[in-house]
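Visitor: quick one: sequence and predicted model below, then my questions.
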Amino acid sequence: MSSFADRIAAIEGAPPAQLGMALAGAVIGSVLLVWIAAGSALVAVAYAGGIAVLVLALAFSTRLGHRAEIGEPALPDWAVTAAAIDNPHRAIAVTDRANRLVCANASYQRWFASIASPSELGFEKESGEGLALAARTAWRDGTGEVTSLAREGEDRAFSLAVTRAGRADDYLVWHFAEIRAEAAYDGMAQRLGGALGRMMSRAGLEFALVSTEGLVQGHTPGLAERSRGDARANLAGVEFVSLLRTDDRERIFFAREGQQGTPQTLVHVPLEERGDGAAQADQAPSLMLLIDSSAAIGAAWAGEGESAFPQLETLLSALPLGLALTDRDGRFLFANKAFLRAVEREGKGLPAFPSDLVVREDKAAIADSVRRFARGVAASGDMAVRLAGDKEEPVSIGLAGVRGLGDAAVLLSISDSSEEKRLRRQVAQATKMQAVGQLAGGVAHDFNNVLTAIIGYCDLMLLRHSPGDSDYDDIQQIRANSNRAASLTRQLLAFSRQQTLRPVVLQLPDVVSEVSQLLKRLLGPGIEFSVRHDRELGPVRADPQQLEQVIINLAVNARDAMQSHAAKLGKDTIGRLTLATRRVSARDVRKMGIDIMPADDYTALIVQDTGGGIPDAVINKIFEPFFTTKEQGKGTGLGLSTVYGIVKQSNGFIFADNVPGVGSGAPGAAAGARFTVYLPVHRGGIEPPSAAPADQQRASEWSGGANILLVEDEDMVRAVAERALTRAGYTVTTARDGEEGLGLVANGAANSRASFDLILSDVVMPAMDGPAMARGIRRVRPDIPILFMSGYAEEQLRNQIDIENMHFISKPFSVQQIGAKVAEVLSQQPVAA
């Protein structure tokens, strides 16, 4: 009823609910009119029944039309299904739940000569029971199968697979396959894809098993490589003719290679059998054989190989470029001296395969490339690999497929770039050390602010505690550990070349002489210590205390290496440490060929040990901060990085290498490590001694009477410095940044411009930094002294800031140090009247 109303509403455009109510009213009204007109209730009831039947008929027809409009499935077209399941090698049938055959392909009708359902095809008793069981299993589990079925009076046997299907799982699909005797080509596809196929491909023969429809069923790996570029590609189901193409001379080529490849000879080998029980010719596949024409050329070359190949070797040996030849299997046939030198195999000979020359990660890549160029089109290319002897620097190896040279299939080329790699390594190392140094310096600077506050508060607490107090020892322990942390930051600043140096002109032998007695005690009785000096050494300009630190660090590092080496070898004698100085001229530097080191005169300091040398894998990392080869807890990794920083900040250079000898018990092994420090010869005269500090009397004249402006953005450092200076009797005004400090001086807010006797400021601050503030103050007060406090080097700061009457104190500092430095700066100023 409602469907009929819907239909009417769709036609008339009225809503279905309103139209339904109108229709019901019309029916009731017409029944009442019939009742009144006929005067009989029976006639009215009959009329109402007729109307009801008419409405139901219209509603049913409307429902069917509606289902068709919305696309609900209709009954299946079994003719289409039969065409879809047509298969010349399989008999396929479809039955419903009543076991009635609803569809079957042509093979089913041909094999069984019947259109009956599978259970009525006349199978033997045992086979019929198995078929029935498979059907029940498929209805229950979805699939069922029988390995062998036989019909009465026939010799043929079949296998059966039954599958439940349909939207409501109300059909069974039956797949019958004929069990036949093994043919000669059975299993050939597997054999072509295995060891037999690989052997054929190496010989230049490619096979394909092709079905009667022209589709590839099996093939050799070489066929896939030449047609698809990948020996692992599966060509099953691909049309065989699509793999080939011909030119205007009817020559056959691989479609992928085109005429750039070598022509192929195609041989068709039929596989059909003759005689009783044989497969029919139209059902048997064929074997297609492709013969590379280069195989014939190679055979011709092989006939003259005894005379031709030595001539080729002679030609390749005379070339300066590293060249090598491999066969189709990737085995080396020949390599000239330049190739052996480039791959660091001089005196060792060639390995079996090119993959033996590279690191493990690159072995598969180079092996695949060699095989691809050996069997593919005669093309060329290159690839980057890392040699096993030099894992850090990749090298470029050229590959070219060659044809007509007998067993030779691939030409490898490589240039001897050892000098280029050495220079590139030096530049990369210098760049990396500079970047790491900047990072280390920034970390040390920030950490110095924290240490300044810790040390300062410890000093202030110690002033309120006597040695007998219970907290006195704890405070001292905190201060001692803070000073230890401060020494670590100084080493980081030394590495980053940002520490404060006091350079003077000196002679290296004098520094060595000063530190020799200390070295003998550090080395101990088991290490032989010797010193040698060259004559006419030029003076150098450096900080003597820092140079002593360089020598001590290198000596201690050598001692630890020799002790570890002696323990491994079980020797009683630990080793020998040699300290030497040498004159190096500009000519010597040019002969060394170190591009990062200018050709100039140098005085060299050489520290050499017999500790077994530095492993090649870590020699480029030894100057990096926190890198150590010692056991955990026995080294900070800052010893050599500190040496590096001091030497670089002194405008010098340091290099590490291994000394060849018999130091580790085997000929050719490294006897030990050698560190060479080059310091440029100073050309100027001897500098006068630094001025003596001002006497304490003048400093005391300022005590308690000086006004100091303290500018520091770190709250904890500003608080410590303020308390320390206030305790010393100074009047301290604080500012949080450069802008506030400049305002206090220029505007005379809290204090007048004449009231400040000293500006104590940090260097790095947000908004306006210390140097910018100092320049602004000097416009107003050109004579006021400025004392900068920073974790960076004084020399670096003075190079960046050109301001008169500027002084410096390095962080971290103690309460006593900041007080003494302020007093020293004030003592150099005239006392206000």
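Guide: Received the coordinates, thanks. Numbering: from 1, shown residues only.

Visitor: in contact with the residue nearest to residue 357 when sequence neighbours are not counted: list those residues for me.
Guide: Once its chain neighbours are removed from consideration, residue 357 has its nearest residue in residue 343; the separation is 5.2 Å (Cβ to Cβ, 6 or more residues apart in numbering). C-beta here means a position set from N, CA and C on the backbone, and glycine is covered the same way. Contacts here follow Cβ atoms under 8 Å, 6 or more residues apart in numbering; on that basis residue 343 touches 322, 357, 387, 389, 414.

Visitor: list only those of these flagged as buried.
Guide: A residue is treated as buried here by neighbour count (16 or more other Cβ atoms under 10 Å); on that basis the buried members of the contacts of residue 343 are 322, 357, 387, 414.

Visitor: now do the contacts for the nearest residue to the first one once chain neighbours are set aside.
Guide: To tie it back to what came earlier, the one meant is residue 322. On the basis of Cβ to Cβ, 6+ apart, the spatially nearest residue to residue 322 that is not a chain neighbour turns out to be residue 339, at 3.4 Å. Residue 339 sits next to 322-324, 412-414 when contact means Cβ under 8 Å, 6+ apart.

Visitor: would you confirm that residue 339 belongs to a helix?
Guide: Yes: secondary structure assignment (DSSP: H, G, I helix; E, B strand; the rest coil) places residue 339 inside a helix.

Visitor: can you give the contact residues for the host helix or strand of residue 741?
Guide: When secondary structure is defined using DSSP states H and E, the element that contains residue 741 is helix 738-747. Contacts with helix 738-747, where a contact means Cβ under 8 Å, 6+ apart, come from 709, 711, 733, 735, 749-751, 753, 756, 759, 761, 765, 767-770, 772-773, 776-777, 780-781.

Visitor: which of these are buried?
Guide: Under a neighbour-count criterion of 16+ other Cβ under 10 Å, the subset of those counted as buried comprises 709, 711, 733, 735, 756, 759, 761, 765, 768-770, 773, 776-777.

Visitor: got those as CSV, with pLDDT and distance to residue 824 columns?
Guide: Formatted as CSV, the buried ones among the contacts of helix 738-747 follow (pLDDT from 0 to 100; distance: Cβ to Cβ, whole Å):
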residue, pLDDT, distance to residue 824
709, 91, 18
711, 92, 19
733, 90, 21
735, 91, 23
756, 84, 18
759, 91, 15
761, 91, 17
765, 84, 24
768, 86, 27
769, 84, 24
770, 86, 19
773, 89, 22
776, 88, 25
777, 88, 21
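
Visitor: dump those residues into CSV; add distance to residue 449 as well.
Guide: Shown next, in CSV, are the buried ones among the contacts of helix 738-747 (distance: Cβ to Cβ, whole Å):
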residue, distance to residue 449
709, 19
711, 14
733, 21
735, 17
756, 24
759, 19
761, 14
765, 11
768, 18
769, 15
770, 14
773, 18
776, 24
777, 23
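
Visitor: ok, back up a step: please flag which of the contacts of helix 738-747 sit within helices.
Guide: Secondary structure assignment by DSSP state H places 770, 772-773, 776-777, 780 of the contacts of helix 738-747 in helices.

Visitor: quick check, nearest of those to residue 787?
Guide: Each of those was checked against residue 787 using Cβ to Cβ; the closest is residue 770, at 10.2 Å.

Visitor: residues contacting the residue nearest the centre of the chain?
Guide: If you average the C-alpha coordinates of the chain and look for the closest C-alpha using Cα atoms, centre = their mean, you land on residue 361, 12.5 Å from that point. Listed by Cβ under 8 Å, 6+ apart, the contact partners of residue 361 are residue 386.

Visitor: buried stuff in the one helix or strand it maps to?
Guide: Residue 361 belongs to helix 360-375 when assigned by DSSP H and E. Neighbour-count burial for helix 360-375, counted by 16+ other Cβ under 10 Å, picks out 362-363, 366-375.

Visitor: check stretch 464-481 too.
Guide: Buried residues in stretch 464-481, counting neighbours by 16+ other Cβ under 10 Å, are found at 475, 479.

Visitor: gap between the residue nearest to residue 322 and residue 345?
Guide: 8 Å (Cβ to Cβ, to the nearest Å).

Visitor: next one: residue 146
Guide: Between residue 146 and residue 345 the distance, using Cβ to Cβ, works out to 65 Å.

Visitor: higher neighbour count, the two?
Guide: Between residue 146 and residue 345, residue 146 has the larger neighbour count (other Cβ atoms under 10 Å), namely 21 against 18.

Visitor: that one and residue 161: what is the separation?
Guide: Here residue 146 is placed at a distance of 8 Å from residue 161 (Cβ to Cβ).

Visitor: ok, residue 485 next?
Guide: The value you get for residue 485 to residue 161, if Cβ to Cβ is used, is 79 Å.

Visitor: helix or strand for residue 640, just tell me which one.
Guide: Secondary structure from DSSP H and E places residue 640 in helix 639-649.

Visitor: following element in sequence after that helix, please.
Guide: For helix 639-649, the succeeding helix or strand toward the C-terminus, using DSSP H and E, is strand 653-660.

Visitor: sheet partners, orientation included, of that following strand?
Guide: strand 670-680 (antiparallel) (DSSP bridges).

Visitor: residue 221 is in contact with residue 234, correct?
Guide: No: in this structure, residue 234 is not within contact of residue 221 by Cβ atoms under 8 Å, at 10.7 Å.

Visitor: who has more neighbours, those two?
Guide: Regarding residue 234 and residue 221, a neighbour count based on other Cβ under 10 Å identifies residue 221 as having more, with 22 against 13.

Visitor: now whichever strand or helix holds residue 567: mean pLDDT?
Guide: Under the criterion of DSSP H and E, residue 567 resides in helix 544-569. Per-residue pLDDT over helix 544-569 has a mean of 84.

Visitor: buried set for the host helix or strand of residue 820?
Guide: Taking DSSP H and E as the definition, one finds residue 820 inside helix 815-827. Taking 16+ other Cβ under 10 Å as the basis for neighbour counts, the residues of helix 815-827 that come out buried are 815, 817-827.

Visitor: can you name every helix or strand that it contacts?
Guide: helix 418-463, helix 696-702, helix 715-727, strand 758-762, strand 786-790, strand 806-810 (3 or more Cβ pairs under 8 Å, 6 or more residues apart in numbering; DSSP states H and E).

Visitor: hey, C-alpha coordinates of it in CSV?
Guide: Taking only C-alpha atoms (Å, rounded to 0.1, in the frame of the first residue of the first chain), the coordinates of helix 815-827 have been written out as CSV:
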residue,chain,number,x,y,z
VAL,A,815,84.9,36.4,45.7
GLN,A,816,88.5,37.1,46.5
GLN,A,817,89.5,37.2,42.8
ILE,A,818,86.7,39.7,41.8
GLY,A,819,87.6,41.9,44.7
ALA,A,820,91.3,41.8,43.9
LYS,A,821,90.7,42.5,40.2
VAL,A,822,88.5,45.5,40.9
ALA,A,823,91.1,46.9,43.3
GLU,A,824,93.8,46.4,40.7
VAL,A,825,91.9,48.3,38.0
LEU,A,826,91.0,51.2,40.4
SER,A,827,94.7,51.4,41.5
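
Visitor: that helix to strand 806-810, inter-axis angle?
Guide: Comparing the axes of helix 815-827 and strand 806-810 via axes from the mean of the first three to the mean of the last three Cα atoms, to 10 degrees yields an angle of 170 degrees.

Visitor: so what's residue 519 up against?
Guide: Residues touching residue 519, when contacts are defined by Cβ under 8 Å, 6+ apart, comprise 529, 551-552, 555, 577, 579.
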